[in-house]
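In: Fold the following, please.
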Amino acid sequence: MHKSITKLCLLEIIFVCIGSPALAEDEWVITQKYNTFYVSKNAVRAVSYDGGFEMVAKAPDWTCYGYRLDKKIIWQTPINSFNSLVFVRPFMDGAKLRTPPRRIGKSTINGFKCTEYRTLNGLLYGSEQVKTSPKAIEFVNRFLFTSTIPEIPLFYKQESDTTKYVEKPWFDSARYKLDAGRTSIITLSIKKKNYLAKDFAVPVGFKRTNRAKDIAYSEAKKRQFEDVIEGVGFMSSDKEEKKH
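Out: I've put the predicted structure just below:
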């Protein structure tokens, strides 16, 4: 009789544990002005609005996969070789991380509780709400190319000295000075939901590329950069002609 009761109790405990919401894995959805991050303790997905591409990194090895759904191409790199500068500087050392900042206190920004840090060029705010693994945080740090902090970055306000920049025919220094003082990371919302494996799925069947820039820019963006470079080239030629 006692054995039967014990078995029933054990079965009841097992069923309670299996059905317990506390044991169900969650994920965070962090919507920012330029990106959205889906964050779980074992995986992260980043969606770049400006670049039109996505990235996924997940355990156990945290290899970073970047891909474009429109072109069906995919690129990959070890997390230790990745930061977002590799998209614009092909020969950049992706292992480079910014200097760890100085913690100066706590604050609430737009309703989000944050730890505040002083960096070399501004103020960085890390989330106290989003709890996840160090590797997930590292990926977001690398994607945003912020100083290395132990939280998900929510806000960053740059305070660089822009007095050294002077007006050029091809460079709007006034616009640069205006932009430099703005918040370059802006978090709009943070939500928690049940974990969905499809949110972190790496596409299959895509054509592989070994160039990060192939996935970082749409054709329109590439043409825009080419026009800027071409314009700068023409101005340089004009200057040379005037000298003669």
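In: Tell me the secondary structure at Leu124.
Out: Secondary structure assignment for Leu124 (DSSP: H, G, I helix; E, B strand; the rest coil): strand.
In: Please name the nearest non-neighbouring residue to it.
Out: Distances taken as CB to CB, 6 or more residues apart in numbering put Tyr117 closest to Leu124, at 4.5 Å, once the chain neighbours are dropped. C-beta here means a position set from N, CA and C on the backbone, and glycine is covered the same way.
In: Just the element for that neighbour, please.
Out: Taking DSSP states H and E as the definition, Tyr117 sits inside strand 112-118.
In: pLDDT on that strand, on average?
Out: Regarding strand 112-118, the rounded mean pLDDT is 97.
In: Quick check: which helices or strands does that strand pack against?
Out: strand 102-109, strand 122-127, strand 153-158 (3 or more CB pairs under 8 Å, 6 or more residues apart in numbering; DSSP states H and E).
In: what's the most buried one of those?
Out: Ranked by mean neighbour count, the helices and strands packed on strand 112-118 are led by strand 122-127 with a mean of 23 (mean count of other CB atoms under 10 Å).
In: List of residues touching stretch 29-39?
Out: Contact with stretch 29-39 is made by 27-28, 44-50, 127, 130, 132, 136, 140, 143-144, 152, 154, 185-193, 199-200, as judged by CB atoms under 8 Å, 6 or more residues apart in numbering.
In: no wait, stretch 59-67
Out: Residues contacting stretch 59-67 (CB under 8 Å, 6+ apart): 42-43, 53-57, 73-79, 82, 133, 135, 138-139, 202-203, 206, 212, 215-216.
In: And those, which of them are buried?
Out: 42-43, 53-57, 73-77, 79, 82, 133, 135, 138-139, 202, 206, 212, 215-216 (16 or more other CB atoms under 10 Å).
In: Please settle this for me: is Phe143 part of a helix?
Out: Yes: using three-state DSSP, the assignment for Phe143 is a helix.
In: which residue ranges form the strands in this structure?
Out: Taking DSSP state E, the strands of the chain run over residues 26-32, 35-40, 43-48, 53-58, 64-68, 73-77, 102-109, 112-118, 122-127, 153-158, 183-185, 187-194, 207-208.
In: By mean pLDDT, show me the worst of those.
Out: The bottom spot among these, by mean pLDDT, belongs to strand 183-185, with a mean of 81.
In: Ile73 contacts Asn210, doesn't it?
Out: No: using CB atoms under 8 Å, Ile73 is not in contact with Asn210, being 10.8 Å away.
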